[in-house]
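Undergrad: Prediction below, plus the sequence it came from.
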Amino acid sequence: MTEAATHITEIPWWVFDRLEDKTQDRTNWITGGLGSGKTYGTALWHIQRCFDNYRSPYSWIVGPTYAKLESIYIPAFIEAFYNQYRMVDGVHYSVVGGSALRIKIKRTGQEILGHSANKWRLMVGENISHWSATEVGYYPSRDWYDKCQSRARCPKAAIIQGQGEGTPEGTENWYAEAANFDEIDIERNATRTILHTEDNTHVRPGYVEKLKQIYGYDLGRLESYLYGRFVPFTKGTAYWEFLHSRNVVLDVKPSKHLPLLLCWDFNKSPLAWVVMQRQPFERGGYRYFRFVALAESSGKSRGLLDACAEFIAQFDPKEYRDTPVHVYGDCSGYFGSHLASSDAYDQINQALRSRYRVSILAAKAAPGIEARLNRVNALMAYEQYVVAAWCRNLIKSHTNTGLKKGMWQIEKPKDEDWTHYSDATGYPLFQLTREEDLEAPNKPRIFGTNLN
């Protein structure tokens, strides 16, 4: 391998500009809309910097988690290797997955080593020539960046630089502090490139309209996710990992072959319920299961029978008669009332059992708020819990619900009606996943290679 490889196809203009800039110790931030090509372009930048630094044995790539590296970033590298250099996995380089993730370029012996930003304390050891990071707007802190910068010091490197890309996620976070400036910040030796979704000529038809459909009710997020700009987001503090660009989805629908998880919160009239399913999902050559919130109550029902009627209207018994309905929720539903001869779960069972295969599976003791929120936020961070874009009450709940200052208690302003939807989903999410390892879930790879 020579110092530079021959390009097969034309590279994006902004990647060319970043490669032409050989300023030492420079950091490039790429703030782009969803689908703007920032991940592929950054993978291409990283590969070319490997060829520029062919005498340097190591570089780093960083993702929010190891799973994200494998499902998002590694496929971008495989595509860039082939499109630009006609290099093939298993022939010219090899990919090793898992927590020891790396790409080994066979001819030069260079290794591109993978790291999880959530495991930044493990980012030690080798000196590197350069680094790149994907979806940096999802990272909880800048500790990973400090690790990268401190290790970018290989004496054999020709160009020591770093590059991070991601959608802006509001203005009250480390990413905005680091990257919200005009084209260049001389003092911090950093550049910023802004990419628009519609400027990517390879984006699939209708994708921009799809984003407008999802985020049209929230012009701030739409501006961020279409144009790569930092704008303020309304955000509570209870669900700190809830990011619309990651956890709100459109291309989902209920399955008649999987249990419907009917989740309740009983502490407010109108009552709140949400229907979820744990559905199979494939990305980046891996298959796993994730929770998908698919339907919700209107917020107008004033009693259990009204709320159950809403469920029946949304899930026609003629179609879902043989679909198991697993009922979860607030343990207070087991407590009787002087106004009724049976508890809430008994009433739900009586209202639905003639139409569906109903099972009451709600826990009889509530988890602590801290434990529940930590688990729900972890599921959000690892993208194992997503919300359909039409579940506006639940989205509002995850977006606006806050904690009392310095306490693990949900803030419940007078007359609010939004906190109860997220409470409804939190109980089963904790109950069903409390023993699962989210950093390394069981996700069998269904295509690709895994070579030493």
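TA: Now that the structure is in, tell me what you want to look at.
Undergrad: what comes up buried for whichever strand or helix holds Lys318?
TA: Under the criterion of DSSP states H and E, Lys318 resides in helix 317-320. Using 16 or more other CB atoms under 10 Å as the burial criterion, the residues of helix 317-320 that qualify are Tyr320. No exception for glycine: its C-beta is placed from N, CA and C like everyone else's.
Undergrad: Run the chain-centre distance for it.
TA: Centroid displacement of helix 317-320 relative to its chain, using CA atoms, centre = their mean, to the nearest Å, is 33 Å.
Undergrad: Check stretch 298-311 too.
TA: The answer for stretch 298-311 is 32 Å, by CA atoms, centre = their mean.
Undergrad: Do me a favour and get the end-to-end distance for that stretch?
TA: Taking CA to CA, to the nearest Å, stretch 298-311 runs 10 Å from one end to the other.
Undergrad: Over to stretch 214-223?
TA: For stretch 214-223, the end-to-end distance is 12 Å (CA to CA).
Undergrad: just so I have it, where are all the helices in the stretch 1-150 of the chain?
TA: For the stretch 1-150 of the chain, applying DSSP state H, counting those that start in this stretch gives helices covering 13-20, 38-52, 66-68, 74-85, 143-151.
Undergrad: Was I right to think Cys154 contacts Cys50?
TA: No: with contacts counted by CB atoms under 8 Å, Cys154 stays clear of Cys50, the gap being 11.9 Å.
Undergrad: These two - which one has more neighbours?
TA: Cys50 (23 against 19; other CB atoms under 10 Å).
Undergrad: Just give the nearest non-adjacent residue to that one, would you?
TA: Gln110 (5.6 Å; CB to CB, 6 or more residues apart in numbering).
Undergrad: what distance separates stretch 390-401 from the centre of its chain?
TA: 16 Å.
Undergrad: And for stretch 132-142?
TA: 11 Å.
Undergrad: Can you pull out the residues in contact with the helix holding Lys318?
TA: For helix 317-320, contacts defined as CB atoms under 8 Å, 6 or more residues apart in numbering pick out Lys256, Leu260, Arg355, Tyr356.
Undergrad: cool, and stretch 155-162?
TA: So stretch 155-162 is contacted by 3, 22-28, 49, 52-53, 55-57, 127-133, 145, 148-149, 152-154 (CB under 8 Å, 6+ apart).
Undergrad: out of the contacts of helix 317-320, who's nearest Tyr138?
TA: Nearest to Tyr138 among the contacts of helix 317-320 is Leu260, at 29.6 Å by CB to CB.
Undergrad: My read is that the closest one contacts Gln277, right?
TA: Yes: taking contacts as CB under 8 Å, Leu260 lies within contact range of Gln277: 6.4 Å.
Undergrad: any common contacting residues for the two?
TA: In contact with both Leu260 and Gln277: Pro254, using CB under 8 Å, 6+ apart.
Undergrad: Can you spell out the domain ranges of this structure, please?
TA: 13-199, 244-433 (automatic domain parsing).
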